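[1] fold the following and give me the result.
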Amino acid sequence: MTQHSEKGPLTVYLGIELLHLLKHVLMMAVGFTRHTHDGDEVVELVRGVCDHHGIQRACVASHSYGTFQASRLLQLHPSYVACLCLIDPVTFLMFTGHLIRNFVYTPWVTGLTTWFISRDIHHAASVCRRFFWSDLNLWPDQLPEHAMVVLCEQDTLLPVQGRQ
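    Reported below is the predicted structural model:
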């Protein structure tokens with residue numbers, strides 16, 4: 001996706017994961033707060049940053065937890081998403097219960113790293129308190145024309161065996 005600015009062409013790739021990194025950096029800079037952003041708030045923060053910089057369309061790349069925000073961005077602002085790349089997405093098949101059971105209620109099975117991630121204040125708040133799968137689930141007919149989904153055959157959160 002190429003945008004033109006005063007300084008010439010600018011290739012824009014927006015990685016939702018950067019917002020999670022930024023969120024943790026800000027948390028360390030200003031101290032812990034009681035407020036954790038839900039998916040829609042993160043999407044509006046992204047839109048605010050993009051609007052501020054004059055970015056009207058972007059290629060969105062997200063991984064795992066970041067696919068929740070990519071899904072909401074696509075649902076709330078579909079004209080903004082020029083193309084989409086979902087890596088190990090957790091936004092599909094959420095109605096089956098595998099995701100929550102494997103991420104929250106099955107301790108240590110997916111490894112120590114996943115266990116610690118699931119206990120992070122932001123992940124825990126969004127998954128345990130503000131988890132509305134009907135808002136976050138992404139259906140095939142909602143994918144833009146230029147979309148790529150990358151699945152891991154040995155995914156421990158969602159069953160991908162035999163899925164296309």
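[2] so residue 84 sits in a helix?
    No. Using DSSP: H, G, I helix; E, B strand; the rest coil, the secondary structure at residue 84 is strand, not a helix.
[3] the spatially closest residue to it that is not a sequence neighbour: how many residues sit nearby?
    Beyond its immediate neighbours in the sequence, the residue positioned closest to residue 84 (Cβ to Cβ, 6 or more residues apart in numbering) is residue 147, lying 4.5 Å away. From N, CA and C alone the C-beta is placed, and that goes for glycine too. Counted with other Cβ atoms under 10 Å, the burial measure for residue 147 works out to 16 neighbours.
[4] tell me the pLDDT at residue 147?
    Per-residue confidence for residue 147 comes out at a pLDDT of 93.
[5] buried stuff in the helix or strand hosting residue 50?
    In this structure, residue 50 is located in helix 39-52 according to DSSP states H and E. Across helix 39-52, burial judged by 16 or more other Cβ atoms under 10 Å covers 39, 42-43, 46, 50.
[6] was I right about residue 90 contacting residue 65?
    Yes. Taking Cβ atoms under 8 Å as the definition, residue 90 is a contact partner of residue 65 at 6.7 Å.
[7] quick one, which of those two is more surrounded?
    For residue 90 versus residue 65, neighbours defined as other Cβ under 10 Å are more numerous around residue 90 (27 against 23).
[8] helix/strand/coil for that one?
    The three-state assignment at residue 90 reads coil, by three-state DSSP.
[9] name the helix or strand of the chain that has the lowest mean pLDDT.
    The helix or strand of the chain with the poorest confidence is strand 8-11; it has a mean of 38 (mean pLDDT, DSSP states H and E).
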